[in-house]
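K.L.:
next one to model:
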Amino acid sequence: MLWGLKLPLSGTHETSWLMTDRDRKPKFGRPRAKGPGAGRQSGHRPPWRGREAGTDGPVILYGWHTVAAALANPQRRIRKLLATENAARRLAEDHIDTRVTPEIVRPNLIDQRLGPDAVHQGLLAEADPLPSPDIDGLAAEGIVLVLDQITDPHNVGAIMRSAAAFAVKAIVTTARHSPEATGVLAKSASGALELVPLVTVQNLARALTEMNERGFMTVGLDSQGSENLGATTLHQPLALVLGAEGKGLRQLTRETCKLVARLDMPGEIKSLNVSNAAVLALYIGASKLGLMG
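P.N.:
Numbering: from 1, shown residues only. So this is what the prediction gives:
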């Protein structure tokens, strides 16, 4: 298990690192297409797809920062925008170009689309998915994050937000056993979905091999790593590889990374939620590479 996990952490999302794949319903990749009106209650979440997708199902985006960032992204095609009167007024006051005429609705209509637990702040957008870049199109500089079958959309969204904060060039993830870039993930990312490219690959070991051949320093993060990341000499381009909740890095992933490092911490509890581990690794990596200035 990663980061020396010994004790489950309390809280809503911290324990998700210890959950198994059968506890995860959302999947990344290209599942069967759903109708544009499919809602969270029915379990019909529209899928995120990369450039190879052949269907036209929309991505569902909700929440102020998520929708505002999508509206500001010229690469994001907005199909429909639902807004409450208060949210529409705020859009106008903030001079945000909606690009499509908002459909003014009551808050309970958005609740019905998303479910009662979704904090939508009066905004919901249906949009086209963003294209998935190719692995050979990654910039050979800075930091790239690689996610090895991390399945919790809250964690992936939080990782994306940290990635945007540290100017990560891209996030590489698997087409299977990963959450869709829509709904909960997009809300948790708080706009970062529009800022950090997602590269979806079918075979992660093959993608890491290609990155190795292109000069990336691929570093897997694991509590059993042979070196402390904070004491390791790093170089650009750097790829930090994070493993799944509970399972950690898969064996083939570990073997394909050039180095497997650990995060040493002085406290009694050695466990970290994967999104917290990601931000700590990003801070160490960016500091050692001179990217913080």
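K.L.:
mind listing what's buried in the helix or strand containing N86?
P.N.:
Element membership of N86 [criterion: DSSP states H and E] is helix 85-93. Buried positions in helix 85-93, judged by neighbour count with 16 or more other Cβ atoms under 10 Å: A87, A88, R90, L91. All C-beta atoms are positioned from the backbone trio N, CA, C, and that covers glycine.
K.L.:
ok, now which ones touch the first one?
P.N.:
The neighbourhood of A87, defined by Cβ atoms under 8 Å, 6 or more residues apart in numbering, consists of W64, Q121, G122, L123.
K.L.:
how near is the closest residue to the last one other than its chain neighbours to I60?
P.N.:
So that's L123. Of all residues beyond its chain neighbours, the one nearest L123 is V67 (4.3 Å), with distances taken as Cβ to Cβ, 6 or more residues apart in numbering. Going from V67 to I60 by Cβ to Cβ, to the nearest Å gives 10 Å.
K.L.:
got it, and L280?
P.N.:
Taken as Cβ to Cβ, the spacing of L280 relative to I60 amounts to 31 Å.
K.L.:
these two: who's more crowded?
P.N.:
I60 (26 against 18; other Cβ atoms under 10 Å).
K.L.:
the more buried one pairs with what?
P.N.:
Partner residues in beta bridges with I60, using DSSP bridges, are E126.
K.L.:
let me know the pLDDT of the residue most central in space within the chain.
P.N.:
Closest to where the C-alpha atoms of the chain average out (Cα atoms, centre = their mean) is V156, at 3.6 Å. Per-residue confidence (pLDDT) for V156: 96.
K.L.:
show me the contacts for it.
P.N.:
Contacts for V156 were tallied using Cβ under 8 Å, 6+ apart; they are L147, I150, T173, S178, P179, L185, S188, A189.
K.L.:
and those residues, which of them are in strands?
P.N.:
Among these, DSSP state E puts L147, T173 in strands.
K.L.:
now the contacts of V156 in a markdown table, with neighbour count, distance to G290 and pLDDT?
P.N.:
As requested, the contacts of V156 are exported to a markdown table (neighbours: other Cβ atoms under 10 Å; distance: Cβ to Cβ, whole Å; pLDDT from 0 to 100):
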| residue | neighbour count | distance to G290 | pLDDT |
| --- | --- | --- | --- |
| L147 | 27 | 25 | 98 |
| I150 | 26 | 28 | 95 |
| T173 | 27 | 27 | 96 |
| S178 | 26 | 31 | 87 |
| P179 | 27 | 33 | 89 |
| L185 | 27 | 31 | 94 |
| S188 | 24 | 30 | 94 |
| A189 | 29 | 27 | 95 |
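K.L.:
specify which member of the contacts of V156 is nearest to G293.
P.N.:
The shortest gap between G293 and any of the contacts of V156 belongs to A189, at 25.5 Å (Cβ to Cβ).
K.L.:
how near is the closest one to G285?
P.N.:
From A189 over to G285 (counting by Cβ to Cβ), the distance is 20 Å.
K.L.:
quick one on the thing from earlier: C-terminal to the helix holding N86, what's the next element?
P.N.:
Toward the C-terminal end, the helix or strand that comes next after helix 85-93 (DSSP H and E) is strand 103-104.
K.L.:
list the contacts of that following strand.
P.N.:
K80, L81, L82, A83, T84, E85, A88.
K.L.:
how about the nearest residue to the last one, chain neighbours excluded?
P.N.:
In other words, A88. Residue nearest to A88 in three dimensions, not counting chain neighbours: P102, with 5.2 Å by Cβ to Cβ, 6+ apart.
K.L.:
and the residue lying closest to T209 once chain neighbours are set aside, how many neighbours does it have?
P.N.:
What sits nearest to T209 in space, not counting adjacent residues and going by Cβ to Cβ, 6+ apart, is T256, at 5.9 Å. The burial metric for T256, expressed as a neighbour count using other Cβ under 10 Å, is 20.
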